[in-house]
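Asker: Fold the following.
(one chain, ligands or ions: 1)
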Amino acid sequence: MATPLSRAPVASPVEVRDDFPILRRERHGRPIAYLDSASTSQKPHAVIEAIADYYRLSNANIHRGVYGLAQEATDLYEGARERVAAFCGGEAATTIFAKNITEAINLVAYSWGRSRLGPGDEVLITEMEHHSNIVPWQLACQQTGATLRYLSISEDGELSLDELDAVLAEGRVRLVGVIHISNVLGTINPVREICTRARAAGAVTLVDGAQAVPQMSVDVDEIGADFYAWTGHKALGPTGIGVLHGRRELLEEMPPFLSGGDMISYVGYESSTWNDLPWKFEAGTSPIAEGVGLGAAIDYLGGLGMEQVRLHERELTEYALERLGEVPGLRVLGPLEVERRGGAISFALQGIHPHDIAEICDREAVCIRAGHHCAQPLMRRLGVPATARASFHVYNGREDVDRLMSALEQARSVFGL
Ligand SMILES: Cc1ncc(COP(=O)(O)O)c(C=O)c1O
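Answerer: This is a model prediction of the structure:
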């Protein structure tokens, strides 16, 4: 049964576990303890049903047909956009749907980057970025002659605003790109402060909110970023849809990214003119079912209340940090105070490779991630090839952390530790 969207905030969002059908599955005769939501979240009935209902009842191509069904599909998609925009304090016209956050960042790197950067300019990102906010800037810099620079991180996995000020003061930075919450360290970066300082220095800002929007209340207007991007599948929504909130003046001046149907106003033999925002940046048939599904996902999160979602994540993170601290030889990477971090907890266990940890966890039906988490420069900075990582969402409870603890005990005993 789908969750009623109007449900009042709950004290403990873990009560919603039943809304996630996949969590009824068993592995090795045990229910799954899913601790990999930083990678992708599970989906509630409400999202699955919204997508199925769209295909069952309302499927037609959008923005084109004059018949009722096409109008209905268009209203569903554009209605979802309006709610997604409002969910993050943005406007529908400046909320662009992309395939995922990676494509959203590429949109900025191709359209803004290639038209604005040149030799002598600098793009400033940080050592804790995901590859999605590194590689597009490497390519943009290689093609325009601009230089890519990195803000360093401290031993605690945090950025220094003094270093930011010093680099900005050199006067060459045209764009600052920063991750809101690190998918490896959990660090919550002071993005509002970073955007204010960058803006004062004349730089454009881009925030990677992939780990923030799913877990806390985000107001893009208050943060003041020129571009704020996130991805639907980590926010209880489907794969195949990401979001870019952009500043209107910039989006209006920028050339299109991908081109073809839907993003045009007039097509001549030699040249064309562009559609209004946001469609100027949405070429071809849109991810309609995915948009509808994302709308249902943010309705679901909104029904729980983002303050409650964050509170739950904090409580669970605090519990997990406390319990992990009991394991001999285990080192947590990133800040240890819950106020300064999100719920992705990366750790190293002396004497056991992260992949072995993840594999032994799997035998206990505990799903954690092991690897470089698409952050190879950060791994090099931390001096590790990979980490094990546990992460949470509203459907997790203390019992999942306890299951992780027994699996870690198991791993230590297998390795004779
Ligand atoms: C912080 C961060 N940025 C970007 C991404 C890329 O997301 P997607 O693969 O949906 O584009 C991820 C996914 O792991 C992430 O954690």
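
Asker: Pull out the buried positions in stretch 190-203.
Answerer: If you call a residue buried by 16 or more other C-beta atoms under 10 Å, then stretch 190-203 has these buried ones: 190, 191, 194, 195, 197, 198, 201, 203. For glycine as for every other residue, the C-beta is placed from the backbone atoms N, C-alpha and C.

Asker: and which of the residues you listed is nearest residue 105?
Answerer: Of all these, residue 105 sits closest to residue 191, with 15.0 Å by C-beta to C-beta.

Asker: For the closest one, give its distance to residue 150.
Answerer: 17 Å (C-beta to C-beta, to the nearest Å).

Asker: for residue 251, same thing?
Answerer: Separation of residue 251 from residue 150 (C-beta to C-beta) stands at 27 Å.

Asker: if you count what's nearby, which of these two comes out ahead?
Answerer: Under the neighbour definition other C-beta atoms under 10 Å, residue 251 and residue 150 were set side by side, and residue 251 has more, 23 against 16.

Asker: That one is in contact with residue 277, isn't it?
Answerer: Yes - taking contact to mean C-beta atoms under 8 Å, the distance of 5.5 Å between residue 251 and residue 277 places them in contact.

Asker: shared neighbours of these two, which are they?
Answerer: The overlap between the contact sets of residue 251 and residue 277 (C-beta atoms under 8 Å, 6 or more residues apart in numbering) consists of 94, 96.

Asker: Point me to the residue sitting farthest from the middle of the protein.
Answerer: Most distant from the centre of the chain: residue 269, at 40.1 Å, with distances by C-alpha atoms, centre = their mean.

Asker: So that one, which state does it fall into?
Answerer: Of the three states, residue 269 takes coil according to DSSP: H, G, I helix; E, B strand; the rest coil.

Asker: With the one 4 residues further on instead?
Answerer: Reduced to three states with three-state DSSP, the structure at residue 273 is strand.

Asker: That one and residue 181, how far apart?
Answerer: When C-beta to C-beta is applied, the distance between residue 273 and residue 181 equals 39 Å.

Asker: Look at those two and report which has more neighbours.
Answerer: Neighbour count, other C-beta under 10 Å: between residue 273 and residue 181, residue 181 has more, with 26 against 10.

Asker: Next up, the contacts around that one.
Answerer: 187, 188, 189, 209, 211, 212, 215, 216, 341, 342, 344.

Asker: Tell me the bridge partners for the second one.
Answerer: Residue 188 has these beta-bridge partners by DSSP bridges: residue 181.

Asker: Could you check the pLDDT of it?
Answerer: We have a pLDDT of 98 for residue 188.

Asker: so it touches residue 342, yeah?
Answerer: Yes - with contacts defined as C-beta under 8 Å, residue 188 counts as touching residue 342 at a distance of 5.9 Å.

Asker: overlap in contacts of the two?
Answerer: Taking C-beta under 8 Å, 6+ apart as the contact rule, residue 188 and residue 342 both touch 181, 212.

Asker: the more surrounded of these two?
Answerer: Set side by side, residue 188 and residue 342 give different neighbour counts by other C-beta under 10 Å, the larger being at residue 342 (28 against 21).

Asker: how about the more buried one, phi and psi?
Answerer: Geometry field for residue 342 lists phi and psi as phi -90, psi -160, criterion degrees, to the nearest 10.

Asker: List the contacts of it.
Answerer: Under the criterion of C-beta under 8 Å, 6+ apart, the neighbours of residue 342 are 181, 182, 186, 187, 188, 211, 212, 215, 216, 313, 317.

Asker: Filtering these by proximity to the ligand, which remain?
Answerer: Among these, the residues within reach of the ligand (C-beta under 6 Å from any ligand atom) are residue 211.

Asker: which one of the contacts of residue 342 sits closest to the ligand?
Answerer: Distance from the ligand was checked for each of the contacts of residue 342 by C-beta to the nearest ligand atom. The minimum falls on residue 211, at 4.9 Å.

Asker: now, among the buried residues of stretch 190-203, which is nearest to the ligand?
Answerer: Within these, distances to the ligand taken as C-beta to the nearest ligand atom reach their minimum at residue 191, with 12.5 Å.

Asker: Give me the helices and strands touching the one helix or strand residue 293 maps to, please.
Answerer: Residue 293 is located in helix 288-304, with elements delineated by DSSP states H and E. Identification of packing neighbours for helix 288-304 by 3 or more C-beta pairs under 8 Å, 6 or more residues apart in numbering; DSSP states H and E yields helix 45-53, helix 68-87.
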